[in-house]
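**Student:** Could you look at this predicted model? Sequence included:
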Amino acid sequence: MVSRVWVITKKVFSLSLILNSLVTLVCVGEIVFNYYRAFPYWQPYSPYLFNGSVFLLVIVAALVNIFPSASIGRALHTGRILFHHYVYGFFVLISTAFYVVAFTSVSLLSLFLLHTSNVVVNAERFFVLAGFTLFLDDLPDVSKRVESALNRLKSKAFHWRKVLHSLQLFTGLVSFYVFVAVTFWTTQHPKLIVPNSFIIGTFLVTSLTSFACVKRRAWLKITPAKVVPVK
(Lines give C-alpha, C1' and ligand atoms only; values in the text may rest on other atoms or scores of the structure.)
Protein backbone atom coordinates (compact mmCIF):
# COMPACT_ATOMS: atom_id res chain seq x y z
CA MET A 1 0.00 0.00 0.00
CA VAL A 2 2.79 2.42 0.96
CA SER A 3 4.74 1.63 -2.21
CA ARG A 4 1.60 2.17 -4.30
CA VAL A 5 1.02 5.59 -2.74
CA TRP A 6 4.67 6.48 -3.32
CA VAL A 7 4.45 5.54 -7.02
CA ILE A 8 1.30 7.61 -7.53
CA THR A 9 2.82 10.55 -5.63
CA LYS A 10 5.95 10.41 -7.77
CA LYS A 11 3.84 10.24 -10.94
CA VAL A 12 1.79 13.27 -9.87
CA PHE A 13 5.04 15.10 -9.10
CA SER A 14 6.35 14.29 -12.58
CA LEU A 15 3.12 15.52 -14.20
CA SER A 16 3.23 18.69 -12.08
CA LEU A 17 6.72 19.51 -13.35
CA ILE A 18 5.63 19.00 -16.95
CA LEU A 19 2.59 21.19 -16.33
CA ASN A 20 4.81 23.89 -14.79
CA SER A 21 7.01 23.86 -17.91
CA LEU A 22 3.94 24.31 -20.10
CA VAL A 23 2.60 27.09 -17.86
CA THR A 24 6.01 28.78 -18.08
CA LEU A 25 5.89 28.59 -21.88
CA VAL A 26 2.43 30.14 -21.92
CA CYS A 27 3.26 32.92 -19.43
CA VAL A 28 6.47 33.81 -21.21
CA GLY A 29 4.82 33.53 -24.63
CA GLU A 30 2.22 36.09 -23.59
CA ILE A 31 4.88 38.47 -22.26
CA VAL A 32 7.14 38.11 -25.32
CA PHE A 33 4.21 38.57 -27.72
CA ASN A 34 3.16 41.82 -26.04
CA TYR A 35 6.79 42.93 -25.60
CA TYR A 36 7.63 42.73 -29.30
CA ARG A 37 4.26 44.16 -30.27
CA ALA A 38 4.84 47.24 -28.07
CA PHE A 39 8.61 47.48 -28.71
CA PRO A 40 10.37 49.84 -27.96
CA TYR A 41 7.76 51.58 -25.82
CA TRP A 42 7.45 48.87 -23.16
CA GLN A 43 10.21 47.10 -21.26
CA PRO A 44 8.74 44.44 -18.95
CA TYR A 45 9.78 44.58 -15.31
CA SER A 46 12.24 47.41 -15.93
CA PRO A 47 14.70 48.35 -14.44
CA TYR A 48 15.21 45.00 -12.70
CA LEU A 49 15.02 43.09 -15.99
CA PHE A 50 17.54 44.63 -18.38
CA ASN A 51 15.81 43.45 -21.58
CA GLY A 52 12.59 41.64 -22.45
CA SER A 53 14.40 39.34 -24.88
CA VAL A 54 15.86 37.45 -21.91
CA PHE A 55 12.49 35.72 -21.65
CA LEU A 56 13.43 33.72 -24.75
CA LEU A 57 15.99 31.87 -22.62
CA VAL A 58 13.28 31.07 -20.09
CA ILE A 59 11.38 29.43 -22.94
CA VAL A 60 14.46 27.30 -23.64
CA ALA A 61 14.70 26.40 -19.93
CA ALA A 62 11.09 25.20 -19.90
CA LEU A 63 11.57 23.12 -23.05
CA VAL A 64 14.80 21.53 -21.80
CA ASN A 65 13.07 20.66 -18.52
CA ILE A 66 10.22 18.69 -20.10
CA PHE A 67 12.09 15.47 -20.93
CA PRO A 68 13.81 15.05 -17.53
CA SER A 69 10.51 15.85 -15.81
CA ALA A 70 8.65 13.25 -17.86
CA SER A 71 11.38 10.65 -17.28
CA ILE A 72 10.73 10.81 -13.52
CA GLY A 73 7.34 9.21 -13.96
CA ARG A 74 7.80 7.41 -17.26
CA ALA A 75 9.25 4.22 -15.77
CA LEU A 76 6.60 4.00 -13.03
CA HIS A 77 3.85 1.41 -13.31
CA THR A 78 0.72 3.21 -12.15
CA GLY A 79 -1.71 1.03 -14.04
CA ARG A 80 -4.65 2.26 -16.10
CA ILE A 81 -8.23 3.14 -15.29
CA LEU A 82 -10.03 1.90 -18.42
CA PHE A 83 -7.77 3.87 -20.80
CA HIS A 84 -4.28 5.26 -21.24
CA HIS A 85 -4.18 8.70 -19.66
CA TYR A 86 -3.51 10.32 -23.04
CA VAL A 87 -7.17 9.50 -23.79
CA TYR A 88 -8.25 11.52 -20.76
CA GLY A 89 -5.89 14.29 -21.78
CA PHE A 90 -7.41 14.35 -25.27
CA PHE A 91 -10.90 14.45 -23.76
CA VAL A 92 -9.98 17.42 -21.53
CA LEU A 93 -8.46 19.24 -24.52
CA ILE A 94 -11.52 18.70 -26.74
CA SER A 95 -14.10 19.53 -24.07
CA THR A 96 -12.26 22.70 -23.01
CA ALA A 97 -11.83 23.81 -26.62
CA PHE A 98 -15.56 23.28 -27.20
CA TYR A 99 -16.41 25.33 -24.11
CA VAL A 100 -14.13 28.18 -25.22
CA VAL A 101 -15.68 28.30 -28.71
CA ALA A 102 -19.29 27.88 -27.59
CA PHE A 103 -19.53 29.86 -24.36
CA THR A 104 -16.84 32.57 -24.35
CA SER A 105 -15.92 35.51 -26.56
CA VAL A 106 -12.25 34.49 -26.55
CA SER A 107 -10.95 32.65 -29.60
CA LEU A 108 -8.76 29.59 -29.31
CA LEU A 109 -5.99 31.37 -31.24
CA SER A 110 -5.84 34.25 -28.76
CA LEU A 111 -6.52 32.23 -25.60
CA PHE A 112 -2.84 32.21 -24.56
CA LEU A 113 -1.94 35.64 -25.93
CA LEU A 114 -4.63 37.63 -24.16
CA HIS A 115 -3.47 39.52 -21.08
CA THR A 116 -6.32 39.13 -18.60
CA SER A 117 -7.07 38.34 -14.97
CA ASN A 118 -10.48 36.88 -15.84
CA VAL A 119 -10.99 33.75 -13.72
CA VAL A 120 -12.91 31.85 -16.42
CA VAL A 121 -10.30 32.50 -19.11
CA ASN A 122 -7.45 31.48 -16.80
CA ALA A 123 -9.35 28.33 -15.78
CA GLU A 124 -9.74 27.46 -19.47
CA ARG A 125 -6.01 27.94 -19.96
CA PHE A 126 -5.29 25.64 -17.02
CA PHE A 127 -7.52 22.84 -18.29
CA VAL A 128 -6.05 23.04 -21.79
CA LEU A 129 -2.55 22.77 -20.35
CA ALA A 130 -3.56 20.00 -17.93
CA GLY A 131 -5.04 17.99 -20.79
CA PHE A 132 -1.95 18.56 -22.92
CA THR A 133 0.23 17.48 -19.98
CA LEU A 134 -1.54 14.10 -19.79
CA PHE A 135 -1.33 13.73 -23.56
CA LEU A 136 2.34 14.72 -23.70
CA ASP A 137 3.38 12.45 -20.83
CA ASP A 138 1.76 9.43 -22.47
CA LEU A 139 2.79 10.36 -26.03
CA PRO A 140 4.96 7.25 -26.67
CA ASP A 141 1.89 5.05 -26.13
CA VAL A 142 -0.21 6.84 -28.75
CA SER A 143 1.18 4.72 -31.59
CA LYS A 144 4.25 2.77 -32.64
CA ARG A 145 5.11 5.44 -35.19
CA VAL A 146 5.07 8.16 -32.57
CA GLU A 147 7.16 6.03 -30.23
CA SER A 148 9.67 5.35 -33.01
CA ALA A 149 9.93 9.08 -33.84
CA LEU A 150 10.46 9.93 -30.17
CA ASN A 151 13.17 7.28 -29.91
CA ARG A 152 14.97 8.87 -32.85
CA LEU A 153 14.85 12.22 -31.10
CA LYS A 154 16.15 10.61 -27.92
CA SER A 155 19.05 9.05 -29.83
CA LYS A 156 19.93 12.45 -31.31
CA ALA A 157 19.69 14.03 -27.85
CA PHE A 158 22.19 11.43 -26.63
CA HIS A 159 24.83 12.86 -28.98
CA TRP A 160 24.10 16.38 -27.70
CA ARG A 161 23.72 15.41 -24.03
CA LYS A 162 26.69 17.49 -22.81
CA VAL A 163 25.40 20.56 -24.63
CA LEU A 164 21.90 20.02 -23.23
CA HIS A 165 23.35 19.58 -19.73
CA SER A 166 25.23 22.89 -19.97
CA LEU A 167 22.24 24.60 -21.59
CA GLN A 168 20.00 23.48 -18.73
CA LEU A 169 22.37 24.98 -16.17
CA PHE A 170 22.69 28.28 -18.06
CA THR A 171 18.98 28.72 -18.75
CA GLY A 172 18.21 27.70 -15.17
CA LEU A 173 20.40 30.54 -13.94
CA VAL A 174 18.67 32.94 -16.33
CA SER A 175 15.27 31.74 -15.11
CA PHE A 176 16.32 32.37 -11.52
CA TYR A 177 17.48 35.87 -12.48
CA VAL A 178 14.08 36.52 -14.08
CA PHE A 179 12.37 35.21 -10.94
CA VAL A 180 14.37 37.64 -8.79
CA ALA A 181 13.76 40.56 -11.19
CA VAL A 182 10.00 39.97 -11.35
CA THR A 183 9.85 39.57 -7.56
CA PHE A 184 11.66 42.86 -6.91
CA TRP A 185 9.53 44.66 -9.50
CA THR A 186 6.35 43.30 -7.92
CA THR A 187 7.34 44.50 -4.46
CA GLN A 188 7.38 48.02 -5.92
CA HIS A 189 3.83 47.55 -7.24
CA PRO A 190 1.80 46.21 -4.27
CA LYS A 191 -1.46 46.10 -6.24
CA LEU A 192 0.05 43.47 -8.55
CA ILE A 193 1.42 41.17 -5.85
CA VAL A 194 -1.53 38.77 -6.01
CA PRO A 195 -1.81 38.46 -9.84
CA ASN A 196 2.00 38.28 -10.21
CA SER A 197 2.49 35.69 -7.45
CA PHE A 198 1.50 32.88 -9.82
CA ILE A 199 4.06 33.75 -12.49
CA ILE A 200 6.72 34.34 -9.82
CA GLY A 201 6.11 30.86 -8.43
CA THR A 202 6.22 29.39 -11.93
CA PHE A 203 9.60 30.95 -12.70
CA LEU A 204 10.96 29.77 -9.35
CA VAL A 205 9.87 26.17 -9.96
CA THR A 206 11.32 26.28 -13.49
CA SER A 207 14.72 27.41 -12.22
CA LEU A 208 14.75 24.93 -9.33
CA THR A 209 13.79 22.12 -11.70
CA SER A 210 16.73 23.05 -13.92
CA PHE A 211 19.13 23.03 -10.97
CA ALA A 212 17.78 19.70 -9.67
CA CYS A 213 18.12 18.08 -13.11
CA VAL A 214 21.67 19.41 -13.45
CA LYS A 215 22.54 18.02 -10.02
CA ARG A 216 21.02 14.66 -10.99
CA ARG A 217 22.93 14.87 -14.31
CA ALA A 218 19.64 13.98 -15.99
CA TRP A 219 20.72 14.76 -19.55
CA LEU A 220 24.12 13.13 -19.08
CA LYS A 221 22.42 9.89 -18.01
CA ILE A 222 20.34 9.67 -21.17
CA THR A 223 20.92 6.53 -23.22
CA PRO A 224 20.35 6.04 -26.95
CA ALA A 225 16.97 4.48 -27.62
CA LYS A 226 16.57 1.41 -29.73
CA VAL A 227 14.74 2.46 -32.90
CA VAL A 228 12.53 -0.34 -34.17
CA PRO A 229 11.40 0.03 -37.83
CA VAL A 230 7.64 0.48 -38.13
CA LYS A 231 5.99 -1.51 -40.86
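**Tutor:** On my side now, so go ahead. Numbering: from 1, shown residues only.
**Student:** Residue 121: what secondary structure?
**Tutor:** helix (DSSP: H, G, I helix; E, B strand; the rest coil).
**Student:** just residue 224 next, same as before
**Tutor:** For residue 224, the assignment made with three-state DSSP gives coil.
**Student:** Hmm, residue 18 and residue 206 touching each other?
**Tutor:** No: the criterion here is Cβ atoms under 8 Å, and residue 206 misses it with residue 18 at 11.7 Å. From N, CA and C alone the C-beta is placed, and that goes for glycine too.
**Student:** Pick out whichever of the two has more residues nearby.
**Tutor:** residue 206 (27 against 23; other Cβ atoms under 10 Å).
**Student:** Got phi/psi on the more buried one?
**Tutor:** phi -60, psi -50 (degrees, to the nearest 10).
**Student:** wait, what's in contact with it?
**Tutor:** Each residue near residue 206 by Cβ atoms under 8 Å, 6 or more residues apart in numbering is listed here: 20, 21, 24, 58, 61, 62, 65, 172, 175, 179.
**Student:** Next, find the distance separating the first one from residue 210.
**Tutor:** In other words, residue 20. To residue 210, residue 20 is 11 Å away according to Cβ to Cβ, to the nearest Å.
**Student:** next one: the fourth one
**Tutor:** Computed as Cβ to Cβ, the residue 58 to residue 210 distance reads 10 Å.
**Student:** list the residues that contact both of these two?
**Tutor:** Common neighbours of residue 58 and residue 210 (Cβ under 8 Å, 6+ apart) are 171, 175.
**Student:** Tell me the confidence at residue 111?
**Tutor:** Looking at residue 111, its pLDDT reads 82.
**Student:** Check residue 107 too.
**Tutor:** Looking at residue 107, the pLDDT reads 78.
**Student:** Can you give me the neighbour number for it?
**Tutor:** When counting by other Cβ under 10 Å, one arrives at 11 neighbours for residue 107.
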